[in-house]
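[1] Structure for this input, please:
(2 chains)
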Number of protein chains: 2
Amino acid sequence: MNEIAVLCDDVAEAVAVAIKELVGTSKGDRVVGMGADGTPSKLIDIVAEDAALEILASSGIDMKVVSEEKGIFTYGEKPEFTLVLDPLDGTFNATRNIPFYSISIAIGNNNLSDIRYAKVFNLASGTDFTAALGNGAFCNGKEIHISSVKQVQDFTVATYSYHDGWDVLKRLGRNVRRIRTLGSAALELCYVASGGLDAFVDTRNRLRIMDVAAGLLIVKEAGGKVTDGNGRAPCGELNVTDRVNIVASNGAIHNGLEKTIGL
Amino acid sequence: MNEIAVLCDDVAEAVAVAIKELVGTSKGDRVVGMGADGTPSKLIDIVAEDAALEILASSGIDMKVVSEEKGIFTYGEKPEFTLVLDPLDGTFNATRNIPFYSISIAIGNNNLSDIRYAKVFNLASGTDFTAALGNGAFCNGKEIHISSVKQVQDFTVATYSYHDGWDVLKRLGRNVRRIRTLGSAALELCYVASGGLDAFVDTRNRLRIMDVAAGLLIVKEAGGKVTDGNGRAPCGELNVTDRVNIVASNGAIHNGLEKTIGL
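    Presented below is the predicted three-dimensional model:
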């Protein structure tokens, strides 16, 4: 596992360096193609992915890669694991120089339910979230835990339901203390893990596996709970096109939160 | 003006140092009294204000101070200006270690309309926004300008209307590209100035003069427009209790944005 942690560190650092000059620029914001996930790719997304893949390719480790822009492919003959990569989560923030965008890397096998190592790295600030299955979650090397807030009405919840899922936003707005929309789902999940937020709710069926694979393990290893909004654990093949719903919380009253959302 | 800029730098640095150990702690989050603005004061708010006032008191400059916790008072016999201070804007983020909280300092005379120097400093990252009347706005010493986005439907707007002003949020949600809620109004105004956001809308009549006095000058000096949501320039005596409505934008279609909000 140490080899994997070092590999993920190297990838994150390479991406941070590669995109630095493009952050906050119209050049980085230019649409230059269509990603494997079916959404437009901006130059900064491509540069981030290229930097990540260069490190992965030169590692000499056989692996399957699931990545936002290039899709699914393998390095070597005998993949030891599947690496799920979102090279740049929060592209809008990066193109506008709002310091909340990240790289998300998850190591698993076939399914969202079998992730065993996760890293989310804030490319603007260097804040680093990691988790290994069964070994807890960490921020900059220090163990983190979910918040101790016990009542839904005291919750601070990150959500994106202002276009689709309007009813969900309205029910949240009426029933929780604060709403936040920070612009990087991967990082917002990490702030649920660290106790910065009490919950993350995105039930628009818009999140991709790449956006959340790492964050989910980090939340669970920090003591939190994650479902699909209907009481089930999120699962799904590790691919670039499927969409998922995610309700992640400190677990204090997860069923109550799901009822509030009322899917 | 240089003396004022140096004074503001010293205040911001002192506050950053003073609160460092309290960020992300339950100790810092403890309610320890009631501020002059009529809202509960947390320990981290008090420590921030004390650190700021220590610098102001020892500066030897005669001034009137308008501050969140201690209210309105003067240093010396002949105040040269009024200093409007929000020692910690985004207290929630600070207590949860979400790296988006700031100190806001504005130098003026009697009214929100006569601010002549402004500083908003991200206490987590050190990102520094300043403006002097007629001399432009700056981030970390580099001149900043509002975004070039021209259509309301392409706008990214920061807003807080999820409890009160529900109709405003719904109209924004239907008509703009993205909504953000980052947790520090002072900083969000600065990101309108830097082109990070296209607009900031808070029409709940909840913002205090201290929250916005600095940000408004920074937006205007960066080329943006600021109104009360009904086409009028925000104004009001520099005090701790009055509330204001603010619509700040890149100015491209400010009237159109006000119509969308539909006050």
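[2] helices or strands up against the longest helix along chain A?
    Longest helix of chain A, by residue count under DSSP state H: helix A:2-19. Under the contact definition 3 or more C-beta pairs under 8 Å, 6 or more residues apart in numbering or on different chains; DSSP states H and E, helix A:2-19 sits against helix A:43-58, strand A:82-89, strand A:102-108, strand A:117-122, strand A:128-132. Glycine gets a C-beta too; all of them are placed from N, C-alpha and C.
[3] next helix or strand past the last one?
    Yep, that's strand A:128-132 we're talking about. Next helix or strand after strand A:128-132 toward the C-terminus (DSSP states H and E): strand A:137-139.
[4] need the contact list for the residue nearest in space to the middle of chain A.
    Geometric centre of chain A, nearest residue: residue A:186, 2.5 Å, by C-alpha atoms, centre = their mean. Residue A:186 makes contacts with A:86, A:89, A:90, A:102, A:104, A:120, A:211, A:212, A:214, A:215, as judged by C-beta atoms under 8 Å, 6 or more residues apart in numbering or on different chains.
[5] and if we set it to 6 Å?
    Residue A:186 sits next to A:89, A:102, A:104, A:120, A:211, A:215 when contact means C-beta atoms under 6 Å, 6 or more residues apart in numbering or on different chains.
[6] roughly how far apart are it and residue A:91?
    12 Å (C-beta to C-beta, to the nearest Å).
[7] circling back to that earlier point, which residues belonging to the longest helix of chain A are considered buried?
    A:4, A:7, A:8, A:9, A:11, A:12, A:13, A:14, A:15, A:16, A:18, A:19 (16 or more other C-beta atoms under 10 Å in any protein chain shown).
[8] Stretch A:93-112 now?
    A:93-108, A:112.
[9] Stretch A:119-128 too?
    Neighbour-count burial for stretch A:119-128, counted by 16+ other C-beta under 10 Å, picks out A:119, A:120, A:121, A:122, A:123, A:124, A:127, A:128.
[10] will you turn those into TSV that also has distance to chain B?
    Shown next, in TSV, are the buried residues of stretch A:119-128 (distance: C-beta to the nearest C-beta, whole Å):
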residue	distance to chain B
A:119	18
A:120	14
A:121	14
A:122	8
A:123	13
A:124	8
A:127	7
A:128	13
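[11] So what's the residue count around residue A:197?
    Using other C-beta atoms under 10 Å in any protein chain shown, the number of residues around residue A:197 comes to 27.
[12] Which residue is the nearest non-sequential neighbour of residue A:51?
    Excluding the flanking residues, the one nearest residue A:51 by C-beta to C-beta, 6 or more residues apart in numbering or on different chains is residue A:18, at 3.5 Å.
[13] ok, the nearest residue to residue A:30 once chain neighbours are set aside to chain B distance?
    Sequence neighbours aside, residue A:43 is the residue nearest to residue A:30 in space, at 4.9 Å (criterion: C-beta to C-beta, 6+ apart). For residue A:43, the distance to chain B (C-beta to the nearest C-beta, to the nearest Å) stands at 18 Å.
[14] what's near enough to touch residue A:43?
    Residue A:43 neighbours (C-beta under 6 Å, 6+ apart): A:28, A:30, A:32.
[15] Name the single longest strand found in chain A.
    Longest strand of chain A, by residue count under DSSP state E: strand A:199-208.
[16] per-domain residue ranges of chain A.
    A:2-143, A:152-260 (automatic domain parsing).
[17] so which of the ones you listed comes closest to residue B:134?
    When the domains of chain A are compared by C-beta to C-beta, domain A:2-143 sits nearest residue B:134, at 25.2 Å.
[18] Just checking the distance from that closest one to the centre of its chain.
    Averaging C-alpha positions (C-alpha atoms, centre = their mean, to the nearest Å) puts domain A:2-143 10 Å from its chain's average.
[19] quick one on the thing from earlier: which stretch among the helices and strands packed on helix A:2-19 comes nearest residue A:74?
    Closest to residue A:74 of these, according to C-beta to C-beta: strand A:82-89, at 9.2 Å.
[20] ok, which residues in the stretch 1-150 of chain A are in contact with chain B?
    Within reach of chain B by C-beta under 6 Å from any C-beta of the partner chain, the stretch 1-150 of chain A has these residues: A:96, A:97, A:98, A:99, A:125.
[21] could you check the angle strand A:82-89 makes with the longest strand of chain A?
    100 degrees (axes from the mean of the first three to the mean of the last three C-alpha atoms, to 10 degrees).
[22] Give the partner strands of strand A:199-208 in its sheet and their orientations.
    Strand pairing for strand A:199-208, determined by DSSP bridges: strand A:156-159 (parallel), strand A:243-249 (antiparallel).
[23] so after the shortest one, what's the next helix or strand?
    Reading on from strand A:156-159 to the C-terminus, the next helix or strand found by DSSP H and E is helix A:166-175.
[24] residues touching residue A:119, list them.
    Contacts of residue A:119 (C-beta under 6 Å, 6+ apart): A:8, A:105, A:130.
[25] who does it bridge with?
    Counting by DSSP bridges, residue A:119 is bridged to residue A:105, residue A:130.
[26] so residue A:65 sits in a strand?
    Yes: the assignment for residue A:65 is a strand, going by DSSP: H, G, I helix; E, B strand; the rest coil.
[27] From residue B:213, how far off is residue A:52?
    From residue A:52 across to residue B:213, the span is 43 Å (C-beta to C-beta).
[28] quick one, which of the two is more surrounded?
    residue B:213 (30 against 27).
[29] With adjacent residues omitted, what lies nearest to that one?
    Leaving aside its sequence neighbours, residue B:213 sits nearest to residue B:106 (C-beta to C-beta, 6+ apart; 3.6 Å).
[30] ok, now which ones touch the one you found?
    Applying C-beta under 6 Å, 6+ apart, the residues near residue B:106 are B:84, B:115, B:118, B:213, B:214.
[31] quick revisit: what's in contact with the longest strand of chain A?
    A:37, A:155, A:157-160, A:164-165, A:168, A:188-189, A:192, A:229, A:243-249, A:257, A:263.
[32] what does stretch A:142-154 give?
    In contact with stretch A:142-154 (C-beta under 6 Å, 6+ apart) are residues A:136-137, A:175, A:177, A:193-195, A:198, A:222-224, A:250, A:252-253, A:256-257, A:260.
[33] now with 8 Å?
    Contacts of stretch A:142-154 (C-beta under 8 Å, 6+ apart): A:129, A:136-138, A:155-156, A:175-177, A:192-198, A:219, A:222-224, A:249-253, A:256-257, A:260, B:96.
[34] what separates the residue nearest to residue A:51 from residue A:44, distance-wise?
    Distance from residue A:18 to residue A:44, by C-beta to C-beta: 9 Å.
[35] mind checking which helix or strand of chain A has the lowest mean pLDDT?
    Within chain A, confidence by mean pLDDT, DSSP states H and E is lowest for helix A:166-175 among all helices and strands, at a mean of 88.
[36] Show me what counts as buried in that one.
    If you call a residue buried by 16+ other C-beta under 10 Å, then helix A:166-175 has these buried ones: A:168, A:169, A:171, A:172, A:173, A:175.
[37] Verify the stated contact: the third one with residue A:259.
    No: Residue A:171 is not in contact with residue A:259 according to C-beta atoms under 8 Å; the separation is 9.4 Å.
[38] who's in contact with residue A:98?
    Residue A:98 touches A:92, A:183, B:182, B:191, B:196, B:197, counting by C-beta under 8 Å, 6+ apart.
[39] Same check on residue A:133?
    Contacts for residue A:133 (C-beta under 8 Å, 6+ apart) come out as A:115, A:116, A:117, A:217, A:221.
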